[in-house]
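Colleague: fold the following for me, if possible:
(2 chains)
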Amino acid sequence: MSIISTQRLTKAFGPIIAVSNLTVELPSGVVGLVGANGAGKSTLIKILLGLLPPTSGAASILGLDCLTDGLKIREHVGYMPESECLPLDVSATEFLVHMARMSGMPSHVARERAADTLRHVGLYEERYRPIGGYSTGMKQRVKLAQALVHDPTLVFLDEPTNGLDPAGRDEMLGLISRISGDFGISVVVTSHLMGELERISDHLVVIEAGVLSRSTSTADATQLSGALLVEVTDRADDAVARLRKKGATVVIGVRPGTFAVEMTDKAVPSWVVEIVAKLKVGLVRLQPSRHHLSEIFLADATPTEKEAAHV
Amino acid sequence: MSSAPTPSGAPNNGATTDSVIHDIGFRHYDGPRLGRGWAFRSLLLETLRGCYGLGRPAKVKAMPWVLVAFSILPALIMVTVAIVTSLTELPLSYVGYPQAMSLPLSLFVAGRAPYAVSRDLRDGVMPLYLSRPIKRGDYVVAKFSGLAIGVFLFIAAPLAVLYIGALLAKFPVWHETWIFLGGVAMAAVLALILTALSMVLAAFTRRRGFGVAAIVTTLVFTAIFASVLVHVVGDQVSRAAGSYFAIIDPFALVDALAISWLGVEATTPGLEPNGALDMLYFTLVFIGFIAGSLGILLRRFRKVGGV
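Modeller: Numbers count the residues shown, from 1 in each chain, chains lettered A, B, ... in the order given. Coordinates of the predicted model:
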């Protein structure tokens, strides 16, 4: 069941075509929208929120027409912009109550939901302090909370991991998975980094220069075979040799000490642990991945190379 | 307004009132969504609260409330004097009082307009408002109305003190009520003009400090220009011709309107509009100024803060 659909959607700003002839159906769940900066992701979101009329074509969200039902759409959709967007001299609580009311919540509901939502995104005592004193990670959480406070059916998250350190990124991606999984809210999340979206998305859409270049369910693409990413402190060669002796397919990583094992057998993780224990070396990483074995170590490569590898 | 203890989204079976609290995860909301009108009202109220620093840290509250105190204190003194010494008339009229209090009033407006507008521009809050169920123009009109009401309350509060004092001093009730209502009406006019002027200036200054400076400077210089022109042209040509220049200064314009509409005495020296034509002139300038300012604001906010 598609939650967003566009038909031959085009938006031109004078001679510049931001979105070109885009026809796409997006399902509920987590949809990753990938594209370089300026690829037309934000323009697409503006059109879908009913804030920007398309030059031609049509778009609908939740069965509502983006051209005519903007007000109705914005009651049921949340939006987290990429840019800084928080007033600095009010507390997160005060701000969220206001934003909930702006979305049409009655006052007492707004207060309850503000407190609840801030707790869900992981803001506790600090929510009573002015936002000006928050760290980048905390501000991102407030931005996320304001998009969720009115219990939308769908949220647009524009580059939510921007400016976060690796740990913060992981937490944010974890939160996004929860929004879809635990909260039951569909998510459209944009990023220029394909790698991080692949981890959490059910469906991936790639836009290049306003043109749709790919729209695939991640399950189709990666469930064929899983792989296990392994990193050890020492003697990686010996570990690989022993795994191969057991019949496992192994690819050596670019970074020293890393390799990936194809999940041909349910016992593969225990083989790895066993061998590492016998070799008496440290196990730094043991991470299951849905990616195809052949593309795992391309994750650091540029998106275009990766695309090439995928096709 | 205070809430019911049950979570609004969760089903309430009514049976489990003395149970322990569980983390029930994310709660959904099935209740009414009040839509555009409510969102408009919420933004207006939030702007009004912001005018007086309500829901803000103490350092934001300090300035507006100090100015409120400065503007009410003289009224309290006048009222006390009137009651004790049994005066038959207040030393300052309801129309003249805001004119005399132009300094704290100007400072209040200069501080609050940028707070209401340029803060959203500087911190980039506009996209969040635009992604709510309102239209772009709603934002401008709600902000304008909220600020105008805030300024009006600032002007009207000391007038209310004067009125209550006048009644306590046993001034004739009907006459006093009548001129008090005239004063309130002129307070509303002054609030509209000051709001329009200051919001336009604030909307074009992203930095709050610049906004404050721009508004104070404008109010000071328009007052000086208006007073000089009213005087010089009034002396050289005629009083009526000089009076036309009152439109330069918000305070003088309100004075001219009060003289034309209510027939009160001039507070600005040399101001002598007379006749229906002059009244029409000042009224049209007033309406044109408010409409023009709103037009500029709507245009300005069509450009900025695109999502």
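Colleague: for chain A, what spans make up the helices?
Modeller: A:41-48, A:70-76, A:92-102, A:107-120, A:136-148, A:166-181, A:194-200, A:218-222, A:236-245, A:268-279, A:303-310 (DSSP state H).
Colleague: now the ones you listed in TSV, with mean neighbour count, mean pLDDT and distance to chain B?
Modeller: Using the backbone N, CA and C atoms, a C-beta is placed for each residue, glycine as well. What follows is those, written out as TSV (neighbours: other Cβ atoms under 10 Å in any protein chain shown; pLDDT from 0 to 100; distance: least, Cβ to the nearest Cβ, whole Å):
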stretch	mean neighbour count	mean pLDDT	distance to chain B
helix A:41-48	25	92	5
helix A:70-76	21	94	5
helix A:92-102	25	96	4
helix A:107-120	21	94	3
helix A:136-148	23	95	6
helix A:166-181	17	91	8
helix A:194-200	20	82	17
helix A:218-222	15	57	24
helix A:236-245	16	89	41
helix A:268-279	16	88	30
helix A:303-310	14	40	25
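Colleague: mind checking those helices for the one nearest to residue A:20?
Modeller: Taking Cβ to Cβ, helix A:41-48 is the member of the helices of chain A nearest to residue A:20, at 10.6 Å.
Colleague: just checking the distance from the closest one to the centre of its chain.
Modeller: 16 Å (Cα atoms, centre = their mean, to the nearest Å).
Colleague: helices or strands up against it?
Modeller: When contacts are defined as 3 or more Cβ pairs under 8 Å, 6 or more residues apart in numbering or on different chains; DSSP states H and E, helix A:41-48 packs onto strand A:2-13, strand A:16-27, strand A:56-61, strand A:154-158, strand A:186-191.
Colleague: how about residue 101: what's its closest non-neighbour residue?
Modeller: Going with chain A. Closest residue in space to residue A:101, ignoring its immediate chain neighbours: residue B:42 at 3.8 Å, by Cβ to Cβ, 6 or more residues apart in numbering or on different chains.
Colleague: wait, I meant chain B there
Modeller: residue B:71 (4.9 Å).
Colleague: how many neighbours does the one you found have?
Modeller: 23 (other Cβ atoms under 10 Å in any protein chain shown).
Colleague: and for the residue nearest to residue A:101, the neighbour number?
Modeller: By other Cβ under 10 Å, neighbour count at residue B:42 equals 25.
Colleague: my guess is it contacts residue A:100. True?
Modeller: No - between residue B:42 and residue A:100 there is no contact under Cβ atoms under 8 Å: 9.0 Å.
Colleague: quick one, what contacts the residue in the stretch 51-200 of chain B that chain A sits nearest to?
Modeller: Nearest residue of the stretch 51-200 of chain B to chain A, counting by Cβ to the nearest Cβ: residue B:131, 3.8 Å away. Residue B:131 sits next to A:49, A:51, A:74, A:77, A:78, A:79, A:81, B:307 when contact means Cβ atoms under 8 Å, 6 or more residues apart in numbering or on different chains.
Colleague: ok so, going back, closest one to residue B:38 among the helices of chain A?
Modeller: With Cβ to Cβ as the yardstick, what comes closest out of the helices of chain A is helix A:92-102 (7.1 Å).
Colleague: so what touches the closest one?
Modeller: A:86-87, A:90, A:107, A:109-111, A:113-115, A:117-118, A:123, A:126-129, A:131, A:134, A:142, A:145-146, A:149-150, B:38-39, B:42-43, B:46, B:55, B:128-129, B:132, B:134.
Colleague: OK, contacts around residue A:204?
Modeller: A:31, A:32, A:34, A:194, A:197, A:198, A:214, A:215, A:216, A:217, A:218, A:221.
Colleague: what bridges to the first one?
Modeller: Beta-bridge partners recorded for residue A:31 (DSSP bridges): residue A:188, residue A:203.
Colleague: and it, what pLDDT?
Modeller: We have a pLDDT of 94 for residue A:31.
Colleague: pull out the buried positions in the lengthiest helix in chain B.
Modeller: Of all segments of type helix in chain B, defined using DSSP H, the longest is helix B:136-168. By 16 or more other Cβ atoms under 10 Å in any protein chain shown, the buried positions in helix B:136-168 come out as B:138-156, B:158-163, B:165-166.
Colleague: other SSEs contacting it?
Modeller: So helix B:136-168, by 3+ Cβ pairs under 8 Å, 6+ apart, packs with helix B:35-51, helix B:58-85, helix B:96-100, helix B:102-116, helix B:126-130, helix B:173-203, helix B:275-303.
Colleague: try it again at 6 Å.
Modeller: Contact here means 3 or more Cβ pairs under 6 Å, 6 or more residues apart in numbering or on different chains; DSSP states H and E; on that basis helix B:136-168 packs against helix B:35-51, helix B:58-85, helix B:102-116, helix B:173-203, helix B:275-303.
Colleague: that one to helix A:92-102, inter-axis angle?
Modeller: 110 degrees (axes from the mean of the first three to the mean of the last three Cα atoms, to 10 degrees).
Colleague: and helix B:136-168, what's its mean pLDDT?
Modeller: Averaging pLDDT along helix B:136-168 gives 96.
Colleague: swap in stretch A:53-61?
Modeller: In this model, stretch A:53-61 has a mean pLDDT of 94.
Colleague: can I get it as CSV, trimmed to CA atoms?
Modeller: Extracted in CSV, the C-alpha atoms of stretch A:53-61 (Å, rounded to 0.1, in the frame of the first residue of the first chain):
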residue,chain,number,x,y,z
PRO,A,53,2.9,23.9,-6.4
PRO,A,54,4.5,21.6,-9.0
THR,A,55,5.1,22.9,-12.5
SER,A,56,3.4,19.9,-13.8
GLY,A,57,2.3,16.4,-12.7
ALA,A,58,0.6,15.4,-9.6
ALA,A,59,1.5,14.1,-6.1
SER,A,60,-0.5,12.7,-3.2
ILE,A,61,0.2,11.8,0.4
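Colleague: any weak-confidence spans in the stretch 201-307 of chain B?
Modeller: B:304-307 (pLDDT under 70).
Colleague: switch the cut-off to 80
Modeller: B:269-270, B:274, B:303-307 (pLDDT under 80).
Colleague: what is the one helix or strand residue B:228 maps to packed up against?
Modeller: Using DSSP states H and E, residue B:228 maps to helix B:208-236. Secondary-structure packing of helix B:208-236 (3+ Cβ pairs under 6 Å, 6+ apart): helix B:102-116, helix B:173-203, helix B:239-243.
Colleague: name the nearest residue to the residue of the stretch 51-200 of chain B closest to chain A, sequence neighbours excluded.
Modeller: residue A:79 (3.8 Å).
Colleague: tell me the bridge partners for the one you found.
Modeller: Here residue A:79, judged by DSSP bridges, has bridge partners residue A:156.
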